[in-house]
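following is a predicted model, sequence given first.
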Amino acid sequence: MSAPGVGAPTRPTRGASKLGATLFAVAVALPLALPIGSASLSLLSQMASAWLLLLSLGLLVSRVGLLSFGQAMFYGMAAYAAAHAMNAIAAHGWPLPFALVPLYGGLFAVLVALVTGPISVRRGGLSFAMITLGLGVLLALLAPMLQGFFGGEGGVSTDRTAGPVWLGLKLLSQRQVYGVSAAYVLLGAWLLHWLDGTRLNLLARAVRDNPLRAAVSGTAPRRVRLQVLLVSAFLAGLAGALQTLHVEQVSAGALSLQQSSMALLFSLAAGSGTVWGALLGAGLMVGSEVMLAAASRAWMLYVGLGFLCIVIWAPHGLSTMLGDVASRLRAARRPDLLWGLAALLLCAALSLVGLSSLIELLYAVRQQLQDGSVVRLYGLSLPSHSAEVWVGAALLAATGLGLSALVGRVFVLQLRCSRAPAERGHA
(Lines give C-alpha, C1' and ligand atoms only; values in the text may rest on other atoms or scores of the structure.)
Protein backbone atom coordinates (compact mmCIF):
# COMPACT_ATOMS: atom_id res chain seq x y z
CA MET A 1 0.00 0.00 0.00
CA SER A 2 1.16 3.56 -0.53
CA ALA A 3 2.59 5.51 2.34
CA PRO A 4 0.26 8.03 3.92
CA GLY A 5 0.94 11.49 2.64
CA VAL A 6 3.09 10.31 -0.24
CA GLY A 7 1.64 10.82 -3.69
CA ALA A 8 -1.27 13.01 -2.63
CA PRO A 9 -2.10 15.59 -5.29
CA THR A 10 -0.95 19.12 -4.65
CA ARG A 11 -1.82 22.43 -6.35
CA PRO A 12 1.13 24.26 -7.95
CA THR A 13 1.76 27.94 -7.36
CA ARG A 14 1.13 30.48 -10.13
CA GLY A 15 4.86 30.95 -10.80
CA ALA A 16 5.46 27.22 -10.96
CA SER A 17 2.45 26.87 -13.27
CA LYS A 18 3.85 29.43 -15.73
CA LEU A 19 7.28 27.80 -15.65
CA GLY A 20 5.73 24.38 -16.22
CA ALA A 21 3.70 25.70 -19.17
CA THR A 22 6.81 27.22 -20.72
CA LEU A 23 8.83 24.04 -20.28
CA PHE A 24 5.99 21.99 -21.75
CA ALA A 25 5.78 24.22 -24.83
CA VAL A 26 9.55 23.98 -25.30
CA ALA A 27 9.45 20.18 -24.90
CA VAL A 28 6.71 19.89 -27.54
CA ALA A 29 8.42 22.19 -30.07
CA LEU A 30 12.00 21.03 -29.49
CA PRO A 31 11.86 17.90 -31.73
CA LEU A 32 11.16 20.14 -34.73
CA ALA A 33 14.57 21.76 -34.30
CA LEU A 34 16.49 18.52 -33.78
CA PRO A 35 17.85 16.19 -36.50
CA ILE A 36 15.40 13.38 -35.73
CA GLY A 37 14.63 10.61 -38.20
CA SER A 38 11.23 9.85 -39.71
CA ALA A 39 10.65 6.81 -37.49
CA SER A 40 11.16 8.84 -34.31
CA LEU A 41 8.95 11.65 -35.60
CA SER A 42 6.27 9.08 -36.41
CA LEU A 43 6.37 7.87 -32.81
CA LEU A 44 6.14 11.46 -31.58
CA SER A 45 3.08 12.03 -33.78
CA GLN A 46 1.46 8.96 -32.24
CA MET A 47 2.33 10.33 -28.80
CA ALA A 48 0.66 13.64 -29.67
CA SER A 49 -2.57 11.85 -30.58
CA ALA A 50 -2.35 9.68 -27.45
CA TRP A 51 -1.66 12.78 -25.33
CA LEU A 52 -4.88 14.44 -26.47
CA LEU A 53 -6.88 11.25 -25.88
CA LEU A 54 -5.48 10.74 -22.37
CA LEU A 55 -5.98 14.42 -21.54
CA SER A 56 -9.64 14.11 -22.51
CA LEU A 57 -10.04 11.21 -20.09
CA GLY A 58 -8.04 12.90 -17.35
CA LEU A 59 -10.20 15.99 -17.72
CA LEU A 60 -13.33 13.99 -16.94
CA VAL A 61 -11.78 12.12 -14.03
CA SER A 62 -9.98 15.00 -12.32
CA ARG A 63 -12.47 17.82 -12.87
CA VAL A 64 -15.89 16.23 -12.58
CA GLY A 65 -15.17 12.71 -11.33
CA LEU A 66 -16.48 10.81 -14.35
CA LEU A 67 -14.94 7.55 -15.54
CA SER A 68 -15.61 7.01 -19.24
CA PHE A 69 -15.40 3.58 -20.85
CA GLY A 70 -16.60 4.93 -24.20
CA GLN A 71 -14.04 7.56 -25.09
CA ALA A 72 -13.20 5.63 -28.28
CA MET A 73 -16.69 6.62 -29.47
CA PHE A 74 -15.57 10.25 -29.84
CA TYR A 75 -12.06 9.30 -30.93
CA GLY A 76 -13.20 6.85 -33.60
CA MET A 77 -16.10 8.91 -34.97
CA ALA A 78 -13.80 11.92 -35.35
CA ALA A 79 -11.23 9.72 -37.09
CA TYR A 80 -13.82 8.54 -39.62
CA ALA A 81 -15.16 12.06 -40.10
CA ALA A 82 -11.65 13.34 -40.77
CA ALA A 83 -10.99 10.59 -43.34
CA HIS A 84 -14.23 11.36 -45.20
CA ALA A 85 -13.50 15.11 -45.05
CA MET A 86 -10.02 14.63 -46.51
CA ASN A 87 -11.37 12.45 -49.31
CA ALA A 88 -14.12 14.96 -50.10
CA ILE A 89 -11.69 17.89 -50.18
CA ALA A 90 -9.37 15.99 -52.51
CA ALA A 91 -12.21 14.82 -54.78
CA HIS A 92 -13.86 18.22 -55.18
CA GLY A 93 -10.71 20.33 -55.12
CA TRP A 94 -11.91 22.52 -52.27
CA PRO A 95 -9.30 25.02 -51.02
CA LEU A 96 -9.38 23.68 -47.48
CA PRO A 97 -6.05 22.70 -45.91
CA PHE A 98 -5.76 19.24 -44.40
CA ALA A 99 -3.96 20.77 -41.42
CA LEU A 100 -7.33 22.17 -40.28
CA VAL A 101 -9.17 18.85 -40.61
CA PRO A 102 -8.49 17.92 -36.93
CA LEU A 103 -10.62 20.92 -35.93
CA TYR A 104 -13.46 19.46 -37.97
CA GLY A 105 -12.89 16.12 -36.25
CA GLY A 106 -13.06 17.79 -32.85
CA LEU A 107 -16.30 19.58 -33.70
CA PHE A 108 -17.77 16.35 -35.08
CA ALA A 109 -16.97 14.65 -31.78
CA VAL A 110 -18.73 17.50 -29.99
CA LEU A 111 -21.84 16.80 -32.08
CA VAL A 112 -21.63 13.13 -31.09
CA ALA A 113 -21.36 14.20 -27.44
CA LEU A 114 -24.40 16.45 -27.82
CA VAL A 115 -26.40 13.41 -28.96
CA THR A 116 -25.09 10.86 -26.45
CA GLY A 117 -24.19 13.18 -23.58
CA PRO A 118 -27.72 13.92 -22.25
CA ILE A 119 -28.17 10.15 -21.87
CA SER A 120 -24.90 9.44 -20.08
CA VAL A 121 -24.61 12.47 -17.75
CA ARG A 122 -27.94 11.92 -16.01
CA ARG A 123 -26.01 10.20 -13.23
CA GLY A 124 -22.38 10.21 -12.20
CA GLY A 125 -20.17 7.49 -10.82
CA LEU A 126 -20.85 3.91 -11.83
CA SER A 127 -23.97 4.82 -13.83
CA PHE A 128 -22.01 7.09 -16.16
CA ALA A 129 -19.29 4.47 -16.58
CA MET A 130 -21.79 1.75 -17.49
CA ILE A 131 -23.78 3.97 -19.87
CA THR A 132 -20.63 5.04 -21.74
CA LEU A 133 -19.54 1.41 -21.88
CA GLY A 134 -22.88 0.42 -23.38
CA LEU A 135 -22.85 3.24 -25.92
CA GLY A 136 -19.29 2.45 -26.94
CA VAL A 137 -19.98 -1.26 -27.42
CA LEU A 138 -23.19 -0.47 -29.31
CA LEU A 139 -21.37 1.79 -31.77
CA ALA A 140 -18.55 -0.74 -32.21
CA LEU A 141 -21.12 -3.42 -33.08
CA LEU A 142 -22.96 -1.14 -35.50
CA ALA A 143 -19.80 -0.14 -37.38
CA PRO A 144 -19.51 -3.33 -39.51
CA MET A 145 -23.18 -3.01 -40.49
CA LEU A 146 -23.02 0.63 -41.66
CA GLN A 147 -20.43 0.16 -44.38
CA GLY A 148 -21.32 3.39 -46.16
CA PHE A 149 -19.71 5.45 -43.41
CA PHE A 150 -17.39 2.97 -41.70
CA GLY A 151 -16.12 1.19 -44.82
CA GLY A 152 -16.56 -2.37 -43.59
CA GLU A 153 -13.60 -4.47 -42.48
CA GLY A 154 -11.11 -2.50 -44.58
CA GLY A 155 -12.10 0.81 -43.06
CA VAL A 156 -11.58 4.12 -44.88
CA SER A 157 -8.30 5.12 -46.49
CA THR A 158 -7.15 8.60 -47.41
CA ASP A 159 -4.10 10.47 -48.70
CA ARG A 160 -2.82 13.39 -46.66
CA THR A 161 -0.70 14.68 -49.59
CA ALA A 162 -3.75 15.11 -51.87
CA GLY A 163 -4.86 18.34 -50.23
CA PRO A 164 -3.92 21.91 -51.15
CA VAL A 165 -0.65 23.42 -49.96
CA TRP A 166 -1.18 25.76 -47.01
CA LEU A 167 1.58 27.82 -45.39
CA GLY A 168 4.08 25.60 -47.19
CA LEU A 169 2.59 22.45 -45.65
CA LYS A 170 2.17 19.60 -48.11
CA LEU A 171 2.36 16.99 -45.31
CA LEU A 172 4.81 14.92 -47.31
CA SER A 173 7.28 14.43 -44.47
CA GLN A 174 6.83 13.15 -40.93
CA ARG A 175 8.37 16.41 -39.67
CA GLN A 176 5.48 18.41 -41.11
CA VAL A 177 2.96 15.94 -39.72
CA TYR A 178 4.51 16.23 -36.27
CA GLY A 179 4.53 20.02 -36.61
CA VAL A 180 0.77 19.97 -37.13
CA SER A 181 0.37 17.51 -34.24
CA ALA A 182 2.49 19.69 -31.96
CA ALA A 183 0.30 22.70 -32.78
CA TYR A 184 -2.81 20.82 -31.69
CA VAL A 185 -1.07 19.59 -28.54
CA LEU A 186 -0.35 23.20 -27.63
CA LEU A 187 -3.97 24.05 -28.44
CA GLY A 188 -5.12 21.32 -26.07
CA ALA A 189 -2.77 22.57 -23.35
CA TRP A 190 -4.10 26.11 -23.78
CA LEU A 191 -7.68 24.84 -23.65
CA LEU A 192 -6.97 23.05 -20.37
CA HIS A 193 -5.32 26.19 -18.95
CA TRP A 194 -8.29 28.29 -20.05
CA LEU A 195 -10.75 25.86 -18.50
CA ASP A 196 -8.94 25.95 -15.15
CA GLY A 197 -9.55 29.70 -14.96
CA THR A 198 -13.28 29.57 -15.67
CA ARG A 199 -16.30 29.27 -13.43
CA LEU A 200 -17.06 25.92 -15.04
CA ASN A 201 -13.95 24.44 -13.43
CA LEU A 202 -15.13 25.47 -9.96
CA LEU A 203 -18.62 24.14 -10.59
CA ALA A 204 -17.23 20.87 -11.95
CA ARG A 205 -15.12 20.31 -8.84
CA ALA A 206 -18.13 21.11 -6.66
CA VAL A 207 -20.24 18.55 -8.55
CA ARG A 208 -17.42 16.03 -8.28
CA ASP A 209 -17.04 16.45 -4.51
CA ASN A 210 -20.71 16.67 -3.55
CA PRO A 211 -23.32 16.70 -6.34
CA LEU A 212 -26.23 16.91 -3.89
CA ARG A 213 -24.87 20.04 -2.21
CA ALA A 214 -24.15 21.57 -5.63
CA ALA A 215 -27.73 20.87 -6.71
CA VAL A 216 -29.14 22.42 -3.52
CA SER A 217 -27.04 25.55 -4.10
CA GLY A 218 -28.64 26.05 -7.52
CA THR A 219 -26.14 24.28 -9.80
CA ALA A 220 -27.47 21.65 -12.18
CA PRO A 221 -24.96 18.73 -11.98
CA ARG A 222 -26.27 17.30 -15.24
CA ARG A 223 -25.54 20.53 -17.13
CA VAL A 224 -22.06 20.87 -15.63
CA ARG A 225 -21.20 17.27 -16.50
CA LEU A 226 -22.41 17.80 -20.07
CA GLN A 227 -20.32 20.93 -20.53
CA VAL A 228 -17.15 19.21 -19.33
CA LEU A 229 -18.00 16.20 -21.50
CA LEU A 230 -18.20 18.47 -24.56
CA VAL A 231 -14.68 19.79 -23.90
CA SER A 232 -13.44 16.25 -23.35
CA ALA A 233 -15.08 15.07 -26.58
CA PHE A 234 -13.43 17.91 -28.51
CA LEU A 235 -9.99 16.84 -27.26
CA ALA A 236 -10.71 13.18 -28.08
CA GLY A 237 -11.90 14.25 -31.53
CA LEU A 238 -8.66 16.13 -32.14
CA ALA A 239 -6.79 12.95 -31.18
CA GLY A 240 -8.75 10.74 -33.58
CA ALA A 241 -8.44 13.16 -36.50
CA LEU A 242 -4.70 13.58 -35.92
CA GLN A 243 -4.26 9.82 -35.94
CA THR A 244 -6.06 9.66 -39.30
CA LEU A 245 -3.84 12.43 -40.63
CA HIS A 246 -0.80 10.45 -39.50
CA VAL A 247 -1.61 6.90 -40.63
CA GLU A 248 -3.93 7.86 -43.55
CA GLN A 249 -6.35 5.08 -42.67
CA VAL A 250 -9.00 4.35 -40.07
CA SER A 251 -10.73 1.08 -39.26
CA ALA A 252 -13.28 -0.24 -36.77
CA GLY A 253 -10.49 -0.79 -34.24
CA ALA A 254 -10.62 2.94 -33.47
CA LEU A 255 -14.10 2.38 -32.00
CA SER A 256 -13.30 -0.79 -30.10
CA LEU A 257 -13.58 -1.36 -26.39
CA GLN A 258 -9.87 -2.16 -26.32
CA GLN A 259 -9.09 1.37 -27.52
CA SER A 260 -11.14 2.87 -24.70
CA SER A 261 -9.78 0.43 -22.11
CA MET A 262 -6.12 0.97 -22.98
CA ALA A 263 -6.54 4.74 -22.96
CA LEU A 264 -8.36 4.66 -19.62
CA LEU A 265 -5.75 2.32 -18.13
CA PHE A 266 -2.81 4.54 -19.03
CA SER A 267 -4.74 7.66 -18.08
CA LEU A 268 -5.33 6.37 -14.56
CA ALA A 269 -1.81 4.95 -14.29
CA ALA A 270 -0.11 8.21 -15.21
CA GLY A 271 -2.59 10.61 -13.64
CA SER A 272 -3.40 12.50 -16.82
CA GLY A 273 -5.40 15.36 -15.32
CA THR A 274 -2.41 17.61 -16.09
CA VAL A 275 -0.38 18.19 -19.26
CA TRP A 276 2.68 16.45 -17.79
CA GLY A 277 0.66 13.51 -16.53
CA ALA A 278 -0.91 13.06 -19.96
CA LEU A 279 2.54 13.28 -21.53
CA LEU A 280 3.84 10.56 -19.24
CA GLY A 281 0.81 8.40 -19.99
CA ALA A 282 1.16 8.95 -23.73
CA GLY A 283 4.81 7.92 -23.59
CA LEU A 284 3.94 4.77 -21.66
CA MET A 285 1.03 3.96 -23.97
CA VAL A 286 2.94 4.38 -27.24
CA GLY A 287 6.03 2.71 -25.78
CA SER A 288 3.97 -0.30 -24.71
CA GLU A 289 1.92 -0.66 -27.88
CA VAL A 290 4.84 -0.11 -30.27
CA MET A 291 8.23 -0.85 -28.72
CA LEU A 292 7.29 -3.30 -25.97
CA ALA A 293 4.94 -5.17 -28.31
CA ALA A 294 7.78 -5.49 -30.82
CA ALA A 295 10.15 -6.81 -28.16
CA SER A 296 7.84 -9.35 -26.47
CA ARG A 297 4.62 -11.16 -27.30
CA ALA A 298 3.75 -11.06 -23.60
CA TRP A 299 3.57 -7.26 -23.59
CA MET A 300 -0.04 -7.19 -22.41
CA LEU A 301 0.99 -9.17 -19.33
CA TYR A 302 3.66 -6.58 -18.54
CA VAL A 303 1.11 -3.78 -18.96
CA GLY A 304 -1.32 -5.50 -16.61
CA LEU A 305 1.31 -6.18 -13.95
CA GLY A 306 2.61 -2.63 -14.21
CA PHE A 307 -0.87 -1.18 -13.79
CA LEU A 308 -1.44 -3.39 -10.75
CA CYS A 309 1.78 -2.12 -9.14
CA ILE A 310 0.85 1.49 -9.84
CA VAL A 311 -2.61 1.09 -8.30
CA ILE A 312 -1.05 -0.39 -5.15
CA TRP A 313 1.92 1.95 -4.66
CA ALA A 314 0.90 5.11 -6.55
CA PRO A 315 -2.92 5.28 -6.39
CA HIS A 316 -2.96 8.96 -7.45
CA GLY A 317 -0.93 8.23 -10.58
CA LEU A 318 2.74 8.13 -11.45
CA SER A 319 3.00 11.83 -12.29
CA THR A 320 1.57 12.87 -8.92
CA MET A 321 3.85 10.50 -7.03
CA LEU A 322 6.96 11.59 -8.96
CA GLY A 323 6.13 15.26 -8.47
CA ASP A 324 5.59 14.75 -4.75
CA VAL A 325 8.86 12.85 -4.31
CA ALA A 326 10.76 15.47 -6.32
CA SER A 327 9.36 18.34 -4.23
CA ARG A 328 10.26 16.58 -0.99
CA LEU A 329 13.79 15.87 -2.21
CA ARG A 330 14.24 19.54 -3.08
CA ALA A 331 12.87 20.63 0.28
CA ALA A 332 15.03 18.17 2.25
CA ARG A 333 18.32 19.00 0.46
CA ARG A 334 19.92 15.78 1.66
CA PRO A 335 22.31 13.99 -0.72
CA ASP A 336 21.80 10.69 1.12
CA LEU A 337 18.18 10.67 -0.07
CA LEU A 338 19.39 10.84 -3.66
CA TRP A 339 21.67 7.87 -3.02
CA GLY A 340 18.73 6.04 -1.45
CA LEU A 341 16.58 6.76 -4.51
CA ALA A 342 19.36 5.51 -6.81
CA ALA A 343 19.68 2.30 -4.75
CA LEU A 344 15.90 1.80 -4.92
CA LEU A 345 15.88 2.21 -8.70
CA LEU A 346 18.78 -0.22 -9.04
CA CYS A 347 17.00 -2.86 -6.95
CA ALA A 348 13.79 -2.31 -8.93
CA ALA A 349 15.71 -2.80 -12.19
CA LEU A 350 17.22 -6.02 -10.80
CA SER A 351 13.80 -7.39 -9.88
CA LEU A 352 12.41 -6.30 -13.26
CA VAL A 353 15.13 -8.25 -15.10
CA GLY A 354 14.45 -11.36 -13.02
CA LEU A 355 10.67 -11.22 -13.33
CA SER A 356 10.74 -10.49 -17.05
CA SER A 357 13.13 -13.41 -17.56
CA LEU A 358 10.72 -15.74 -15.78
CA ILE A 359 7.80 -14.42 -17.81
CA GLU A 360 9.62 -14.88 -21.10
CA LEU A 361 10.68 -18.40 -20.14
CA LEU A 362 7.16 -19.34 -19.11
CA TYR A 363 5.69 -17.79 -22.25
CA ALA A 364 8.20 -19.53 -24.50
CA VAL A 365 7.55 -22.96 -22.96
CA ARG A 366 3.77 -22.59 -22.64
CA GLN A 367 3.10 -21.19 -26.10
CA GLN A 368 5.91 -23.13 -27.79
CA LEU A 369 7.05 -19.99 -29.55
CA GLN A 370 10.67 -20.98 -29.80
CA ASP A 371 12.02 -23.32 -32.45
CA GLY A 372 14.21 -25.66 -30.45
CA SER A 373 14.88 -24.90 -26.82
CA VAL A 374 16.70 -21.55 -26.97
CA VAL A 375 15.21 -18.26 -25.83
CA ARG A 376 16.75 -14.80 -26.27
CA LEU A 377 16.96 -12.82 -23.03
CA TYR A 378 18.73 -9.45 -22.92
CA GLY A 379 21.05 -10.37 -25.75
CA LEU A 380 21.82 -13.86 -24.42
CA SER A 381 20.78 -17.17 -25.97
CA LEU A 382 19.67 -19.42 -23.11
CA PRO A 383 18.19 -22.95 -23.14
CA SER A 384 14.58 -22.62 -22.00
CA HIS A 385 14.51 -26.16 -20.53
CA SER A 386 17.66 -25.74 -18.46
CA ALA A 387 17.10 -25.91 -14.69
CA GLU A 388 20.05 -23.56 -14.10
CA VAL A 389 18.43 -20.85 -16.22
CA TRP A 390 15.12 -21.11 -14.34
CA VAL A 391 16.80 -21.13 -10.93
CA GLY A 392 18.99 -18.18 -11.88
CA ALA A 393 16.01 -16.12 -13.07
CA ALA A 394 14.03 -17.00 -9.93
CA LEU A 395 16.92 -16.08 -7.63
CA LEU A 396 17.42 -12.81 -9.50
CA ALA A 397 13.74 -11.94 -9.17
CA ALA A 398 13.55 -12.92 -5.49
CA THR A 399 16.73 -11.02 -4.63
CA GLY A 400 15.57 -7.92 -6.49
CA LEU A 401 12.13 -7.96 -4.89
CA GLY A 402 13.54 -8.48 -1.41
CA LEU A 403 16.08 -5.68 -1.76
CA SER A 404 13.46 -3.39 -3.32
CA ALA A 405 11.13 -3.93 -0.36
CA LEU A 406 13.91 -3.30 2.17
CA VAL A 407 15.44 -0.26 0.45
CA GLY A 408 12.00 1.15 -0.34
CA ARG A 409 10.92 0.93 3.29
CA VAL A 410 14.07 2.72 4.45
CA PHE A 411 13.78 5.37 1.73
CA VAL A 412 10.14 6.18 2.54
CA LEU A 413 10.99 6.38 6.25
CA GLN A 414 13.85 8.80 5.56
CA LEU A 415 11.61 10.85 3.30
CA ARG A 416 9.01 11.14 6.05
CA CYS A 417 11.60 12.07 8.65
CA SER A 418 13.03 14.79 6.42
CA ARG A 419 9.61 16.39 6.06
CA ALA A 420 9.27 17.58 9.65
CA PRO A 421 12.55 19.59 9.77
CA ALA A 422 11.76 21.15 6.42
CA GLU A 423 8.29 22.23 7.61
CA ARG A 424 9.74 23.66 10.84
CA GLY A 425 12.27 25.60 8.80
CA HIS A 426 9.55 27.15 6.64
CA ALA A 427 7.54 27.98 9.77
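All right, it came through fine.

top helix in the protein by residue count?
Longest helix of the chain, by residue count under DSSP state H: helix 387-426.

and it, what's buried?
Residues of helix 387-426 classed as buried by neighbour count (16 or more other C-beta atoms under 10 Å): 389-390, 393, 396-397, 400-401, 403-404, 407-408, 411-412, 414-415, 418. Using the backbone N, CA and C atoms, a C-beta is placed for each residue, glycine as well.

same check on stretch 132-143?
Buried residues in stretch 132-143, defined by neighbour count with 16+ other C-beta under 10 Å: T132, L133, L135, G136, V137, L139, A140, A143.

got it, and stretch 210-229?
By 16+ other C-beta under 10 Å, the buried positions in stretch 210-229 come out as P211, A214, T219, P221, R222, V224, R225, L226, Q227, V228, L229.

turn those into CSV, including secondary structure, distance to F150 and pLDDT.
Shown next, in CSV, are those (DSSP: H, G, I helix; E, B strand; the rest coil; distance: C-beta to C-beta, whole Å; pLDDT from 0 to 100):
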residue, secondary structure, distance to F150, pLDDT
P211, helix, 36, 90
A214, helix, 39, 89
T219, coil, 39, 88
P221, helix, 34, 92
R222, helix, 31, 93
V224, helix, 33, 95
R225, helix, 29, 94
L226, helix, 26, 95
Q227, helix, 29, 95
V228, helix, 28, 95
L229, helix, 23, 96
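
need the residues you listed in CSV (columns: distance to L186).
Putting the buried residues of stretch 210-229 into CSV (distance: C-beta to C-beta, whole Å) gives the following:
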residue, distance to L186
P211, 33
A214, 32
T219, 32
P221, 32
R222, 32
V224, 27
R225, 27
L226, 26
Q227, 23
V228, 21
L229, 23
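
L329: which of those is nearest?
V228 (34.5 Å; C-beta to C-beta).

quick check: the closest one touching S62?
No. If you go by C-beta atoms under 8 Å, V228 and S62 don't touch, sitting 10.2 Å apart.

roughly how far apart are A48 and I131?
A48 sits 29 Å away from I131, taking C-beta to C-beta, to the nearest Å as the criterion.

could you list every residue that touches L382?
For L382, the contacting residues are V374, V375, R376, V389, by C-beta atoms under 8 Å, 6 or more residues apart in numbering.

now do the contacts for the last one.
Which is V389. V389 sits next to L361, L382, P383 when contact means C-beta under 8 Å, 6+ apart.

give me the nearest residue to the first one, chain neighbours excluded.
Nearest residue to L361 in three dimensions, chain neighbours excluded: S384, at 5.6 Å (C-beta to C-beta, 6 or more residues apart in numbering).

could you pull up phi and psi at the one you found?
With angles defined as degrees, to the nearest 10, S384 sits at phi -70, psi -20.

is it in contact with Y363, as I believe?
No. Applying C-beta under 8 Å as the test, S384 and Y363 come out as separate, 9.8 Å apart.
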